[in-house]
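Engineer: Show me how the following folds:
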Amino acid sequence: MSKEPPPALARSIVQAAAEPPHIADFRRRELMAAGARFGLRAAAMAALTAPLAFPAFAAPAVKLPAITSVPAELKGKGEVRVCSYGGAFQAAQREAYFKPFEQLCGVKVIESEGPDVAKVKAMVDTKSIEYDIGEFDRGDIINLQNKGDYWEPIDYKPFDTAHIAPLYRYKYAIDMLPYSEILAYRSDVFTSAQPGGWKDFWDSGKFPGPRTLTSGTGGLVPELEFAEFAAGTPKSKIYPIDIDAAYASLAKVRSDVVKWWDAGAIPAQMLNDKDVVMGSAWNGRIAAIQATGAPVKIVWNQGLLKRDCWAIVKGSPNRDNAEKFCAFITLPISQARLSMLIPYGFVNSEASRYIPPERLTQLPTAAPIAKQLLVYDSAWWAKNRDAVLAKWAAFQLG
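Structural biologist: Numbering: from 1, shown residues only. Purely as a prediction, here's the structure:
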């Protein structure tokens, strides 16, 4: 008989379902390795991680624009230790800008995997810094900074700030990976009238059929922004969210939601299999099933624009090189190279000049799409997440 996973592994199994696509893929690889160490049978591990097994977006075979020169202030020597999420995602980052940074700036990139704010806290507290820079959600940066001095402030002097909007610049982090949480629907079901926003999602009379939305468990939060849109709240008034009003709106669609998803692969799989006709989802997951021919369309209108960022650990021994790294990867061609490999957006507006028009139709930061999205307020969620989740269990009970 196979062994039971230890509590820490069991908790990781729950957490693994709750992360953005590239993080979820990293967690799944961790779980498979841990399962092997603890003697779990392959079938058991497959069952535990099945929701994450949906294939990731296949990188197109494209010729990437070349980076032929860099500003002199970005050149240096020595090394920078970078922690990202491994797998195909980190391979895309390596091709897009790790290798060009090494070649053009003269700084060696030493890679590791699995950024963790708890580990950052421990590294700084013990003055044992294992990596200089890691990829995080801005909310994680804010939460840890509220507990003490754990991040180096960003010096934006060497950055291309003329083309990086203030939205993407934070005192302790630079955004570098925008993605979107959107409404997606089966286009073979809605062939005449088609949903155009969250009011339509809530309207099961005009648009009948089963739906899926995010859960408030396993690390995710319920999509209160979408509930506010459905109630008629204009984009400019969504934040600060009226939590009670948003839950009241969410209750109106509860009977049509057949699955409150807790893994990014789930809504894409359910739409692909026609188990639901509409759902919220990450744009990259929908791009994946579209690439295989699934009749599923994205409604960008009233979607959420979320972002990952690079942050430099306090006391980093290679802080100057970490600054140069951040400035380099946010140059327009660096950003364009990654957007051509995976369906994430860019923070440098000039990147669009180097991306084919057909590719721009898949990217949340392309100008026609970005103006339709609501910028996710990480600071509001950092402050109110616990209050929102405290009401989730009662909401589920009706």
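Engineer: So for V62, what's the pLDDT?
Structural biologist: As predicted, V62 sits at a pLDDT of 75.
Engineer: and the nearest residue to it once chain neighbours are set aside, how many neighbours does it have?
Structural biologist: Nearest non-adjacent residue to V62, counting by CB to CB, 6 or more residues apart in numbering: M340, 5.3 Å away. For the C-beta atoms, the positions are set from N, CA and C on the backbone; glycine is no exception. By other CB atoms under 10 Å, 22 other residues sit near M340.
Engineer: In which helix or strand does M340 reside?
Structural biologist: Here M340, judged by DSSP states H and E, is contained in helix 332-341.
Engineer: CA atoms only for the following helix or strand past that helix - export them in CSV, please.
Structural biologist: Toward the C-terminus, helix 332-341 is succeeded by helix 357-360 as the next helix or strand (DSSP H and E). Presented in CSV, the C-alpha positions along helix 357-360 are these (Å, rounded to 0.1, in the frame of the first residue of the first chain):
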residue,chain,number,x,y,z
PRO,A,357,-0.6,42.2,-35.4
GLU,A,358,-2.1,38.7,-35.2
ARG,A,359,-0.2,38.0,-31.9
LEU,A,360,-1.3,41.3,-30.4
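Engineer: from what I can see G303 touches E181, true?
Structural biologist: Yes - counting by CB atoms under 8 Å, G303 touches E181, with 6.2 Å between them.
Engineer: Now do the shared contacts for the two.
Structural biologist: N283 (CB atoms under 8 Å, 6 or more residues apart in numbering).
Engineer: More neighbours: these two, which one.
Structural biologist: The neighbour comparison of G303 against E181 (other CB under 10 Å) goes to G303, with 29 against 23.
Engineer: any idea how far L183 is from that one?
Structural biologist: 7 Å (CB to CB, to the nearest Å).
Engineer: Give the other helices and strands that the helix holding M340 contacts.
Structural biologist: Contacts defined by 3 or more CB pairs under 8 Å, 6 or more residues apart in numbering; DSSP states H and E place helix 332-341 against helix 87-93, helix 99-105.
Engineer: Pick the most buried one from the ones you listed.
Structural biologist: For the helices and strands packed on helix 332-341, the largest average neighbour count (mean count of other CB atoms under 10 Å) is found in helix 87-93, namely a mean of 20.
Engineer: Just the CA trace of it, in CSV.
Structural biologist: This file holds the C-alpha atoms of helix 87-93, laid out as CSV (Å, rounded to 0.1, in the frame of the first residue of the first chain):
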residue,chain,number,x,y,z
GLY,A,87,9.6,24.6,-16.6
ALA,A,88,8.5,25.9,-20.0
PHE,A,89,7.8,29.3,-18.4
GLN,A,90,11.4,29.9,-17.2
ALA,A,91,12.7,28.4,-20.5
ALA,A,92,10.7,31.1,-22.3
GLN,A,93,12.2,33.8,-20.0
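Engineer: what's that helix packed up against?
Structural biologist: Under the contact criterion of 3+ CB pairs under 8 Å, 6+ apart, helix 87-93 touches helix 21-37, helix 332-341.
Engineer: Pick out the shakiest of these, pLDDT-wise.
Structural biologist: helix 21-37 - the lowest mean pLDDT of those, at a mean of 57.
Engineer: which residue ranges form the strands in the stretch 101-250 of the chain?
Structural biologist: 108-113, 133-137, 169-170, 173-186, 211-214 (DSSP state E, counting those that start in this stretch).
Engineer: wait, which of those strands is closest to E95?
Structural biologist: strand 108-113 (12.2 Å; CB to CB).
Engineer: List of residues touching the closest one?
Structural biologist: 26, 78-86, 90, 94, 98-99, 101-102, 130-131, 325.
Engineer: orientation of it relative to strand 133-137 in degrees?
Structural biologist: 40 degrees (axes from the mean of the first three to the mean of the last three CA atoms, to 10 degrees).
Engineer: got the buried residues for strand 108-113?
Structural biologist: 109, 113 (16 or more other CB atoms under 10 Å).
Engineer: pLDDT of it, averaged?
Structural biologist: Here the average pLDDT along strand 108-113 is 97.
Engineer: next one: stretch 278-286
Structural biologist: Stretch 278-286 comes out at a mean pLDDT of 94.
Engineer: which regions of the stretch 251-398 of the chain sit below the pLDDT cut-off?
Structural biologist: Across the stretch 251-398 of the chain, not a single residue meets the criterion (pLDDT under 70).
Engineer: And the helices in it, which stretches?
Structural biologist: Applying DSSP state H, counting those that start in this stretch to the stretch 251-398 of the chain gives helices spanning 265-272, 283-291, 319-329, 332-341, 357-360, 367-370, 378-390, 392-397.
Engineer: In a markdown table: those, plus distance to K63.
Structural biologist: Shown next, in a markdown table, are these (distance: least, CB to CB, whole Å):
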| stretch | distance to K63 |
| --- | --- |
| helix 265-272 | 28 |
| helix 283-291 | 19 |
| helix 319-329 | 20 |
| helix 332-341 | 9 |
| helix 357-360 | 12 |
| helix 367-370 | 24 |
| helix 378-390 | 35 |
| helix 392-397 | 47 |
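Engineer: Nearest to A251 among those helices would be which one?
Structural biologist: Closest among those, using CB to CB: helix 392-397, at 7.0 Å.
Engineer: Distance from the chain centre to the closest one, please.
Structural biologist: 26 Å (CA atoms, centre = their mean, to the nearest Å).
Engineer: Now do that helix: which elements does it pack against?
Structural biologist: helix 243-251.
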